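Sharing a model prediction with you, sequence too.
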Amino acid sequence: MNDAICAPATPLFPAAISVVRVSGSSLAQALKPLVNLPLPRQATLRTLRWKGYQERALVLYFPAPDSYTGEDVVEFQLHGNPLLVRRFLNHLGELGIRLAEPGEFTRRALLNGKQSLLEAEALRDMISAATDTQLRMAQARAGGVPTWVEEAKACLSPWVARAEAVVDYGEEEGILLKIDKMQSEFQDLRQRFHVEQARSSAARWLRDGIRIALVGRPNSGKSTLFNALAGEDRAIVTELPGTTRDVLEVRTEWAGLPLLLFDTAGLRDAEDPVERLGVARVASVLDQADLVLHLVPAGDGAPDSQILARLEAVREKVLEVRTFGDLGGSTSGVVVSAVQGDLEKLEAALKDRFLGPHSPDACLGALATQRQCGLLDELVVQVDLLLGLSQAAPPELPASLLQGMWGLLARMTGEDRAESTLDQVFSGFCLGK
Ligand SMILES: Nc1nc2c(ncn2[C@@H]2O[C@H](COP(=O)(O)OP(=O)(O)OP(=O)(O)O)[C@@H](O)[C@H]2O)c(=O)[nH]1
Ligand SMILES: [Mg+2]
């Protein structure tokens, strides 16, 4: 575990500078043939010489334990030439410093207690965030373990110990577990878990994005709405029915919601063979979507029954949207006018469906990855079971629930260090992180 590792921390493209990072123990010794390390934390110019190369580089030395990984860390700021970086990494290899696995620096930081798994995940999200909301969410979670997790541990720990003692020594020592007292102490915690669960299910949509398919009869205004939501003129719009054939995709943030939008061919029994192929492609879009917006012009009266039949299989995720609101007609339901930019009702409907009562800002700091949300769901189940126990329950029952909750929190923060969890999390990292 303590072998020295290195990796480029910046992409291998021509650029002003490239950063190469090294972590390990006794780096002053390991790097001696290449460089005399400068004073800690002082950016210092050094000429690095190896095999006929000579590179003027800025060198930074962070001795253990006050570094990103908790080990000795050295950062080299080289000229941003990918060939130079590769040659330099080769040479580090010859000095016995191997190339890091993706995420290996952060993994070491975790194992050395420099950060929790939650922070590591926030860091990964920060690097991959594609919208403002996602970036702000990742930043809000990078600040450390949420206070409610710490509070939950503080509330649990005496009870875990007490329940263990009762199970192990209860009979001979006459110790009892007061289930009613425990339950009243856990009321607030249960409340908190439920709130966090609701916030997290909203936050997960914000983190992962929402896949929305726009479907409907030809000329129902799909492409016009698609362009309005995307904030750009992506799809061709004409007054001719059957304009869109291929499925168009665009990623956008609209009203604080990260969306992946799909525009599709208008649904009808088309004569034109090309249009038929377009219509055939709608089925797979319906399958992939988290939400299907069925666009029906407000003046249409009832929606087309053939289209309703096609949407039957995905009925749960269909939302009817009345378009052409500016021309009158139906005023109930989600009425919009994309040409006039009147999309308020759609915004409210999307937020209600995906975020519930939470605004995007209210989701800042909430747990949001599938792993985290899964653990939180299990916590909720266990706390509910604990509070439902009868006073006469044998102490083994609360003891195992308390242990279970303790274990879930430890998995959440990464304190239990299960290799499988770490592998799962760090496989999503880039090299050099
Ligand atoms: N007045 C008004 N016209 C609209 C509105 N939405 C779309 N239109 C017009 O309706 C026509 C058809 O719009 P599109 O967005 O191309 O409709 P579509 O559903 O994508 O049609 P296909 O691709 O053929 O299936 C265009 O002339 C648009 O300008 C609206 O909200 N109000
Ligand atoms: Mg279209």
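Yep, it's here. Ligands and ions are numbered 1, 2, ... in the order given.

For stretch 215-225, which outside residues touch it?
For stretch 215-225, contacts defined as Cβ atoms under 8 Å, 6 or more residues apart in numbering pick out 214, 235-237, 239-244, 248, 263-268, 282, 285-286, 292-297, 304, 307, 311, 321, 323-324, 336, 338-339, 343. C-beta: built from backbone N, CA, C; applies to glycine.

And the buried ones among those, selectable in PyMOL?
Only the buried members of the contacts of stretch 215-225 enter the following PyMOL selection, criterion being 16 or more other Cβ atoms under 10 Å:
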select buried, resi 214+235+237+242+243+244+248+263+264+265+266+267+268+282+285+286+292+293+294+295+296+297+304+307+311+321+323+324+336+338+339+343
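
Narrow the contacts of stretch 215-225 to those in helices?
282, 285, 286, 307, 311 (DSSP state H).

Which of the residues you listed sits closest to ligand 1?
Nearest to ligand 1 among these, counting by Cβ to the nearest ligand atom, is residue 282 at 10.4 Å.

shouldn't the closest one be in contact with residue 264?
Yes. The pair residue 282 / residue 264 is scored as a contact, 4.7 Å apart, by Cβ atoms under 8 Å.

joint contacts of the two?
What both residue 282 and residue 264 touch, as defined by Cβ under 8 Å, 6+ apart, is the set 213, 215, 247.

wait, what's in contact with residue 10?
17, 18, 19, 80, 432.

three-state assignment of it?
Under DSSP: H, G, I helix; E, B strand; the rest coil, residue 10 falls in the coil class.

Report the backbone C-alpha coordinates of stretch 231-249 in CSV.
Taking Å, rounded to 0.1, in the frame of the first residue of the first chain, the C-alpha atoms of stretch 231-249 are listed here in CSV:
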residue,chain,number,x,y,z
GLY,A,231,-32.5,27.7,-24.7
GLU,A,232,-31.1,27.2,-28.3
ASP,A,233,-32.4,26.6,-31.8
ARG,A,234,-31.5,22.9,-32.0
ALA,A,235,-34.4,21.3,-33.8
ILE,A,236,-35.9,22.3,-37.1
VAL,A,237,-39.4,23.8,-36.7
THR,A,238,-41.8,24.2,-39.6
GLU,A,239,-45.6,24.3,-40.0
LEU,A,240,-45.4,21.1,-42.0
PRO,A,241,-46.4,18.0,-40.1
GLY,A,242,-43.7,15.3,-40.0
THR,A,243,-40.8,17.7,-39.8
THR,A,244,-38.8,15.8,-37.2
ARG,A,245,-37.6,12.3,-38.0
ASP,A,246,-34.5,11.4,-36.1
VAL,A,247,-34.4,11.5,-32.3
LEU,A,248,-32.7,14.7,-31.2
GLU,A,249,-31.0,14.9,-27.8
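
Next, see if it gets close to ligand 1.
Yes. With Cβ under 6 Å from any ligand atom as the criterion, ligand 1 is reached by stretch 231-249 at 237, 238, 239, 241, 242, 243, 244.

follow-up on the earlier one: give the ChimeraX command for selecting the buried subset of the contacts of residue 10.
The command below creates a ChimeraX selection of those among the contacts of residue 10 that count as buried (16+ other Cβ under 10 Å):
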select :18,19,80,432
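
that older thread, intersect the residues of stretch 231-249 next to ligand 1 with the contacts of ligand 2.
Restricting these to those within reach of ligand 2 (Cβ under 5 Å from the ion) leaves 243, 244.

what comes up buried for the lengthiest helix in the chain?
For the chain, the longest helix by residue count, based on DSSP H, is helix 179-208. Buried residues in helix 179-208, defined by neighbour count with 16+ other Cβ under 10 Å: 179, 182-183, 186, 189-190, 192-193, 196-207.

Also stretch 378-396?
Of the residues in stretch 378-396, 378, 379, 380, 382, 383, 386, 387, 389, 395 count as buried by neighbour count, 16+ other Cβ under 10 Å.

What of stretch 241-261?
242-245, 247-248, 250, 252-254, 256-261.

Please list the residues of the chain that sit near ligand 2.
Residues of the chain lying near ligand 2 (Cβ under 5 Å from the ion): 222, 223, 243, 244.

In the stretch 251-400 of the chain, which residue sits closest to ligand 1?
Closest point on the stretch 251-400 of the chain to ligand 1, by Cβ to the nearest ligand atom, is residue 266, at 2.6 Å.

Could you pull up the residues touching that residue?
Residue 266 neighbours (Cβ under 8 Å, 6+ apart): 216, 217, 218, 219, 220, 222, 241, 242, 243, 244, 279.

got it, and residue 241?
217, 218, 219, 266, 268.

Which one of these is nearest to ligand 2?
Proximity of the contacts of residue 241 to ligand 2 (Cβ to the ion) peaks at residue 266, which lies at 6.4 Å.

and that closest one, how far is that from residue 409?
Here residue 266 is placed at a distance of 51 Å from residue 409 (Cβ to Cβ, to the nearest Å).
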